[in-house]
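Visitor: can you look at this prediction? I've put the sequence above it.
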Amino acid sequence: MLENIKAIFEKKSIQIILVLAVILAYYFYSFGKIDIVSSEDDVHLFGALNLNLPLEKFGNFGYYLFLFVVSKFAHSPLNTIFLDYFILSTLAFVSLFFVLKKHSKSFFIALFISTCFLFSDFQLLLVPKLTYLNFIVICLGLFFLDSKKYAFQNYFILSVCVLANAYVARPEFVWFLVPTVLLTLFSHFKHSPKLSQTVSLFGLLFSIIVLYWLGGGLYPTGYLKEIFIQHFFDNYEVWTGKHFDLADEFGQFNAIYGKVESDFQVFTANPGLLLKHGLYNFKNLILGVLKVFKSTFYDVFVGIFSSKTKYFIVVLVLILGLIIDFKSSFKTLKTSLSLPKPLLKFIVWLLLPCLLLVLVIFPREHFVFLLLPFVFLSLGYLLKSIKLRQNRYSKICFSLILGAVFIGIIGKYPIKANHPNNVDFYNYLNKIKLEKPLKMLSNDNFGYLYFGQNFERVGWNPSTETIIDKVRVENIDLISIYRLDLEVPVTRAFVDSLHIQTGYIRIRNFEAQKRYLWVKPELINKFQ
């Protein structure tokens with residue numbers, strides 16, 4: 001009976017139907033049901049909707065282009081971002097599935113890991129989403145790497161992978177572009193090259209030129225220094241207990257870390273603090289991966305067992321200890337670890353920029369995404385080596401465990417979101433009946449696009465202008481302050497008390513999201 005069921009699921013048509021069923025289920029499970037947290041994605045959406053090629057300066061060209069194409073299939077910026085999130089998550093699921101299926105040679109392992117990850121809260125709620133493109137590109141690189149291919153072909157794949165990663169979201173990959181291209185050239189001329197290899201090589205070099213032109217250059221000057229400062233202070237504030245406003249970070253950095261005027265000096269100005277920063281990031285990386293595992297494989301049971309989940313896990317471990325054939329599993333694992341060394345070399349070469357980038361920058365969660373393809377690939381090899389004892393008890397227990405995972409995923413639906421949330425705020429401003437757009441004083445790029453048709457945004461410079469003066473000069477209808485504005489002390493003072501001087505009426509509906517609104521008294525009826 002079980003053999004007949006297994007034979008059915010080994011059919012390509014059945015496997016395709018199952019993968020499509022997961023994607024369809026994910027659509028109804030998630031589309032439009034998660035809150036849109038303010039993040040860099042809002043800024044990138046603005047850049048994408050106003051995309052002009054070639055870019056004036058180096059940016060996240062691939063992500064802008066991706067968002068631009070997605071926007072053509074959506075009728076509003078809000079739907080664009082929802083569609084963007086769904087497509088990226090789906091592509092991440094499919095690319096991870098293909099990598100796991102190829103290397104583990106098991107449809108069930110590939111489907112199990114990729115499905116659990118797709119429905120995990122870590123995957124669902126992670127922002128910004130631009131790093132998903134890196135995840136997808138890395139998965140495709142791992143998929144196309146093959147020990148049966150010539151060295152040139154694998155180095156070519158690595159070069160394409162590094163180039164794509166640099167232009168979709170992470171410019172730091174450019175640092176590895178020159179060595180990978182040189183290795184590709186060396187492997188090309190090491191043996192008598194085939195015509196197809198020569199054409200591929202010229203295609204790669206031509207692509208670099210085209211991307212250089214369209215993407216606004218090869219690398220933004222001082223980029224690594226800038227993002228290093230921001231992420232260094234994330235750690236430094238934890239070490240010292242001090243808090244620095246965003247502007248203070250750039251002003252205090254040289255006094256704390258040493259004089260840094262170029263990207264290269266990030267590595268030479270203070271090796272001691274750099275090492276401390278890197279080790280701390282490594283610790284956070286391990287914790288980040290464990291968090292992913294908890295969200296992917298533990299939290300599915302929380303939907304069933306709630307606070308009793310820890311006891312279920314203890315029972316689960318005991319059951320697995322009884323049904324696993326450890327002797328046979330160890331032999332299989334030993335065999336699977338004899339990975340062809342040529343392939344391992346290329347996998348490590350792809351892993352290297354991802355790991356170094358995480359250690360130098362981190363500690364934000366979306367950077368863990370760069371390493372997850374390698375983590376899940378390792379997990380796939382481990383699961384492939386596990387052998388169950390050949391008896392009815394083992395098969396029944398294993399079926400019950402899989403059933404619990406399936407029920408747990410369903411039990412998490414609908415996705416629980418706090419209300420009012422950010423999407424509620426956007427819809428609230430969209431539904432206001434206005435004869436003409438109102439003037440909104442706001443420095444907030446986050447979310448403005450989602451309700452911009454009702455408002456004309458006016459910004460201000462906190463270092464030279466006060467909100468009170470700006471309101472009077474510009475005849476502002478509505479004042480909007482968001483949490484990132486509170487990084488500036490004078491803005492915090494306005495929220496606390498200075499707003500009273502304007503005579504505007506405070507709208508308190510969305511202060512739980514740290515969105516502070518004031519409107520002219522004559523407009524209050526439109527906001528009630």
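Guide: Yep, that arrived. Predicted model only: the values in this text are computed from it and were never measured.
Visitor: what's in contact with the host helix or strand of residue 393?
Guide: Using DSSP states H and E, residue 393 sits in helix 392-411. Helix 392-411 is contacted from outside by 2, 112, 115-116, 119, 299-304, 316, 319, 322-323, 388, using C-beta atoms under 8 Å, 6 or more residues apart in numbering. Heads up, the C-betas are built off the backbone N, CA and C, glycines and all.
Visitor: drop anything exposed from those residues.
Guide: With burial judged by 16 or more other C-beta atoms under 10 Å, the buried subset of the contacts of helix 392-411 is 112, 115-116, 119, 299-304, 316, 319, 323, 388.
Visitor: show me where the stretch 151-300 of the chain has its helices.
Guide: Under the criterion DSSP state H, counting those that start in this stretch, the stretch 151-300 of the chain carries helices at the ranges 151-168, 177-190, 195-214, 223-240, 246-257, 271-293, 299-305.
Visitor: for residue 475, which of these is the nearest?
Guide: Nearest of those to residue 475, taken as C-beta to C-beta: helix 246-257 at 28.9 Å.
Visitor: which secondary structure elements does that closest one sit against?
Guide: helix 223-240 (3 or more C-beta pairs under 8 Å, 6 or more residues apart in numbering; DSSP states H and E).
Visitor: go through the helix it packs on and flag the buried ones.
Guide: 224, 225, 227, 228, 229, 231, 232, 233, 234, 235, 236.
Visitor: now do stretch 393-405
Guide: 394, 397, 404, 405.
Visitor: with just CA atoms, put that stretch into CSV.
Guide: Provided in CSV are the C-alpha atoms of stretch 393-405 (Å, rounded to 0.1, in the frame of the first residue of the first chain):
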residue,chain,number,x,y,z
TYR,A,393,5.1,1.6,14.4
SER,A,394,7.7,3.8,12.7
LYS,A,395,5.6,4.5,9.7
ILE,A,396,2.5,5.3,11.8
CYS,A,397,4.5,7.7,14.0
PHE,A,398,6.1,9.4,11.1
SER,A,399,2.8,9.9,9.4
LEU,A,400,1.3,11.4,12.6
ILE,A,401,4.2,13.9,12.8
LEU,A,402,3.8,15.0,9.2
GLY,A,403,0.0,15.3,9.9
ALA,A,404,0.7,17.5,12.9
VAL,A,405,3.0,19.8,10.7
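Visitor: for residue 426, give its distance to residue 370.
Guide: Distance from residue 426 to residue 370, counting by C-beta to C-beta, to the nearest Å: 30 Å.
Visitor: and the two? Which one has more around it.
Guide: Shown here are residue 426 and residue 370; by other C-beta atoms under 10 Å, residue 370 has more neighbours (23 against 20).
Visitor: tell me the contacts of the closest residue in space to that one that isn't next to it in sequence?
Guide: Distances taken as C-beta to C-beta, 6 or more residues apart in numbering place residue 354 nearest to residue 370, at 4.1 Å, with adjacent residues excluded. Counting by C-beta under 8 Å, 6+ apart, residue 354 touches 138, 370, 371, 374.
Visitor: same question, residue 224
Guide: Contacts here follow C-beta under 8 Å, 6+ apart; on that basis residue 224 touches 172, 263, 266, 360.
Visitor: with residue 458 instead?
Guide: By C-beta under 8 Å, 6+ apart, the residues touching residue 458 are 439, 440, 441, 442, 470, 474, 476.
Visitor: mind pulling up the pLDDT for the nearest residue to the second one once chain neighbours are set aside?
Guide: Yep, that's residue 440 we're talking about. Nearest non-adjacent residue to residue 440, counting by C-beta to C-beta, 6+ apart: residue 455, 4.2 Å away. pLDDT, the model's per-residue confidence, is 89 for residue 455.
Visitor: over to residue 339?
Guide: Note on residue 339: pLDDT of 58.
Visitor: and what of residue 9?
Guide: pLDDT, residue 9: 65.
Visitor: ok, residue 219 next?
Guide: Looking at residue 219, the pLDDT reads 81.
Visitor: try residue 520
Guide: What the model reports as pLDDT for residue 520 is 91.
Visitor: which residue ranges make up each domain of this structure?
Guide: 17-220+296-411, 422-527 (automatic domain parsing).
Visitor: may I see those domains organised as TSV, with distance to residue 284 added?
Guide: Listed next are those as TSV, based on distance: least, C-beta to C-beta, whole Å:
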stretch	distance to residue 284
domain 17-220+296-411	4
domain 422-527	23
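Visitor: which one of those domains lies closest to residue 249?
Guide: Proximity to residue 249 (C-beta to C-beta) singles out domain 422-527 among the domains of the chain, at 9.8 Å.
Visitor: how long is the closest one from one end to the other?
Guide: Domain 422-527 stretches 17 Å from its first residue to its last (C-alpha to C-alpha, to the nearest Å).
Visitor: centre of the chain to it, how far?
Guide: 30 Å (C-alpha atoms, centre = their mean, to the nearest Å).
Visitor: what's the answer for stretch 266-282, then?
Guide: Relative to where its chain is centred, stretch 266-282 has its mean C-alpha point 24 Å off (C-alpha atoms, centre = their mean).
Visitor: residues of that stretch that come out buried?
Guide: For stretch 266-282, burial by neighbour count (16+ other C-beta under 10 Å) applies to 266, 269, 270, 273, 274, 277, 278, 280, 281.
Visitor: over to stretch 322-331?
Guide: 323, 324, 329.
Visitor: returning to that earlier point: quickly list what the residue nearest to residue 440 is bridged to.
Guide: Assessed by DSSP bridges, residue 455 has beta-bridge partners residue 438.
Visitor: sorry, back to before: quick check: the two most widely separated of the buried residues of helix 223-240?
Guide: Greatest spacing in those, by C-beta to C-beta: 224 and 236 (17.3 Å).
Visitor: where's residue 121 relative to residue 416, distance?
Guide: Residue 121 is 10 Å from residue 416, by C-beta to C-beta.
Visitor: so between these two, which is more surrounded?
Guide: Just comparing residue 121 and residue 416: by other C-beta under 10 Å the higher neighbour count belongs to residue 121, 18 against 9.
Visitor: picking up where we left off before, only the buried subset of the contacts of residue 458, as a PyMOL command please.
Guide: Restricted to buried positions by 16+ other C-beta under 10 Å, the PyMOL selection for the contacts of residue 458 reads:
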select buried, resi 439+440+441+442+470+476
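Visitor: among the contacts of residue 458, name the ones in helices.
Guide: Those of those mapping onto helices are 470, 474, per DSSP state H.
Visitor: what's the closest of the contacts of residue 458 to residue 70?
Guide: Among the contacts of residue 458, and counting by C-beta to C-beta, the member closest to residue 70 is residue 442, at 25.4 Å.
Visitor: how near is residue 322 to residue 166?
Guide: 49 Å.
Visitor: re the thing from before, top of the contacts of residue 354 by neighbour count?
Guide: Tallying neighbours with other C-beta under 10 Å puts residue 138 at the head of those, with 26 neighbours.
Visitor: ok, the residue lying closest to that one once chain neighbours are set aside - how many residues close by?
Guide: Distances taken as C-beta to C-beta, 6+ apart place residue 373 nearest to residue 138, at 4.8 Å, with adjacent residues excluded. If you count neighbours by other C-beta under 10 Å, residue 373 ends up with 28.
Visitor: which element, helix or strand, includes the nearest residue to residue 175 once chain neighbours are set aside?
Guide: Distance criterion C-beta to C-beta, 6+ apart; nearest residue to residue 175, sequence neighbours excluded, is residue 353 at 7.3 Å. Using DSSP H and E, residue 353 maps to helix 341-360.
Visitor: thought residue 126 was touching residue 364?
Guide: No. With contact defined as C-beta atoms under 8 Å, residue 126 does not count as touching residue 364 (10.0 Å).
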